[in-house]
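# Build me a structure from this.
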Amino acid sequence: MFLTLKKPIDRSIAIVFTMLLIVTATPIEAGELSPELIEKYTTTDPFSFILLEFGFIVMLALLGHIVSRLYQWPNMVAELVTGVVVGNLFYWLDLSPVFYMLMHMGDASDIFKSIWTSNLSVADTIASFYAPAESETKAFIDRLSVIFASRQSPALVLLGVGIWMFANFGAFFLLFKLGLETKPEDIIKSADPAAFLVSITGTLTPFFLGLGATFWLLPENSVPEHIFIAAALCTTSAAITMTMFKKISRLRTREALLVIQAARIDDIFGVFFLAFIANIVVGDPRSISETLSLFIYSGIVFLGIIVLGKWLVKYIPDFYSFDETHTMLLIPMMIVLMVSWLADIFEIGMVSSAFLAGVILNNLQDKRDTIKNIIIPLEKIFAPIFFVFVGLQVNLKQFLNLEIIGMTLIFLLIALLGKVIAGFVARQHTNPIAIGLGMIPRGEAVLIFISIGKILGTIDDTIFSVITMIVLLTNFIAPWAIDWFCTAKCQEESFVGKHE
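This next block holds a predicted model:
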């Protein structure tokens, strides 16, 4: 359906990109934020204000889901696009100060921390971050000063924290569900040896190409930033890949099976790899030996938590019955929180903690489906909010700059080329282009990764927007590319010749 409904999809893509063009090209100056405007959008009860804006984001998530069903887009893609379009419209028209703060979430969090810890006034603290040499920078400083210096600024700060927490619950449950569906030993045992080659090549090739590109394009950035950006170009989404092959009726072909196996290995390796990269960025090791030591340490702790957890979790049914609703929910949540606490204690990163908890609970064979039935409704509520939240932070005005467009195209080319190259390391009698193109779609792991990077201050608003757009583009390019480059050439019993 994704590729056969060409007219609706063509129309939808045209409509979406027309809206994006209008948003970015509109010459209208955004309205001036003022204390009166902020007062209008806040109330005496900060929590009711949070609920109001949270309800609006839930509405956007619903709109994204409707778009997904209408045009057969992946849910994640539709929700991201909805967040991008609505967020930019509200941002540039200044219909609410909330959207201005969300668009500059990284800057806002840094400023808030400095305001909290310094003795300077709000205006002086903000001015210390930026030199108002340009009129655009001065306007940005003035707007942030109005937001943080108004009488209702505490409500806005609480709102930002509240929405951030709701969105991170989405990331948390996404990784937890992914872990529940992942049994590393079974995947590793059943996977074709070629799948390991495809996965490793498809991860390391874009990483090193991306690393070289970041040193060339962003020489003034720090080494940890270069590493972080390169890592964001690596992982493949197994769920999106499987859905894509299913929609084009090629799910049982050799190429599709190989790609899905490689993508599942990516899920396991990718979570550890991204968590490890995040630790490098935060820890900032000074030498190769320190980096190698951190890698070995992270791997040992990662495996140790899984092995210990799987051993301990076997005894849970002996002490508790899963018949009671509260017990069914509280035991998995207790394990998730304990694993997160251990991950924090051993400094292996919170990125992997929910995934680890899911992998551990996967060992409860007879209870796994029960746990999934409880977690999936929570994931279906909070995951769309996370994707909309990410979309709301993508500033399309960045792409009016030719340098940013050029950087985006180079990173996109690396993201595509790195996966296509991986297709050629597979065994013979397969279509390497189909395998490589099947590995292209990026998904949840990358978005979670860059969201953490933005909050930590590792990447700025521009890089965040660039990588999010690459995630969107890879999900549009992959189905089209497979249809265009592969289905025209038929070979017996291959991906391109198999009809079901």
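# tell me the domain ranges of the chain?
Using automatic domain parsing, the domain ranges for the chain come out as 6-163, 172-485.
# Can you tell me which of those domains is most buried?
domain 172-485 (a mean of 19; mean count of other C-beta atoms under 10 Å). All C-beta atoms are positioned from the backbone trio N, CA, C, and that covers glycine.
# picking that back up, would TSV of the domains of the chain with mean pLDDT be doable?
Formatted as TSV, the domains of the chain follow (pLDDT from 0 to 100):
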stretch	mean pLDDT
domain 6-163	69
domain 172-485	82
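# Mind giving me the packing neighbours of the longest helix belonging to the chain?
As assigned by DSSP state H, the longest helix anywhere in the chain is helix 254-283. On a contact count with 3 or more C-beta pairs under 8 Å, 6 or more residues apart in numbering; DSSP states H and E, helix 254-283 meets helix 153-180, helix 184-190, helix 193-217, helix 223-231, helix 238-247, helix 288-313, helix 432-438, helix 444-456.
# Need the contact partners of stretch 174-191.
Applying C-beta atoms under 8 Å, 6 or more residues apart in numbering, the external contacts of stretch 174-191 come out as 261-262, 264-265, 267-268, 271, 306, 336, 351-362, 368, 371-372, 375-376, 379, 383, 386, 444, 448.
# start to end distance for it?
24 Å (C-alpha to C-alpha, to the nearest Å).
# Centre of the chain to that stretch, how far?
On the basis of C-alpha atoms, centre = their mean, to the nearest Å, stretch 174-191 is displaced by 19 Å from the centre of the chain it belongs to.
# cool, stretch 447-464 as well?
10 Å.
# follow-up on the earlier one: show me the one of the helices and strands packed on helix 254-283 that comes nearest residue 331.
Counting by C-beta to C-beta, residue 331 lies closest to helix 288-313 out of these; the figure is 9.3 Å.
# orientation of that closest one relative to helix 153-180 in degrees?
Angle between the axes of helix 288-313 and helix 153-180 is 70 degrees (criterion: axes from the mean of the first three to the mean of the last three C-alpha atoms, to 10 degrees).
# by contact count, what packs against helix 288-313?
Helix 288-313 packs on helix 254-283, helix 325-345, helix 353-361, going by 3+ C-beta pairs under 8 Å, 6+ apart.
# name the helices or strands packed onto the shortest one?
Applying 3+ C-beta pairs under 8 Å, 6+ apart, one finds that helix 353-361 makes contact with helix 153-180, helix 288-313, helix 325-345.
# just checking, next helix/strand downstream of that helix?
As assigned by DSSP states H and E, the chain's next helix or strand after helix 353-361 is helix 368-392.
# Now do that following helix against helix 353-361, angle only.
Going by the same axes, to 10 degrees, helix 368-392 makes 170 degrees with helix 353-361.
# ok so, going back, let's have the helices and strands packed on helix 254-283 in JSON lines, adding distance to residue 341.
Converted to JSON lines, those look like this (distance: least, C-beta to C-beta, whole Å):
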{"stretch": "helix 153-180", "distance to residue 341": "14"}
{"stretch": "helix 184-190", "distance to residue 341": "22"}
{"stretch": "helix 193-217", "distance to residue 341": "29"}
{"stretch": "helix 223-231", "distance to residue 341": "25"}
{"stretch": "helix 238-247", "distance to residue 341": "28"}
{"stretch": "helix 288-313", "distance to residue 341": "11"}
{"stretch": "helix 432-438", "distance to residue 341": "38"}
{"stretch": "helix 444-456", "distance to residue 341": "18"}
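# residue closest to the middle of this protein?
Closest to where the C-alpha atoms of the chain average out (C-alpha atoms, centre = their mean) is residue 447, at 1.1 Å.
# what's the distance between that one and residue 247?
Distance, residue 447 to residue 247, by C-beta to C-beta, to the nearest Å: 22 Å.
# Could you do residue 163 as well?
33 Å.
# same thing with residue 169?
From residue 169 to residue 247 the distance is 29 Å (C-beta to C-beta).
# Could you do residue 475 as well?
From residue 475 to residue 247 the distance is 12 Å (C-beta to C-beta).
# repeat for residue 308
For residue 308, the distance to residue 247 - C-beta to C-beta - is 40 Å.
# now swap in residue 77 and tell me
From residue 77 to residue 247 the distance is 13 Å (C-beta to C-beta).
# Fine, thanks again, bye for now.
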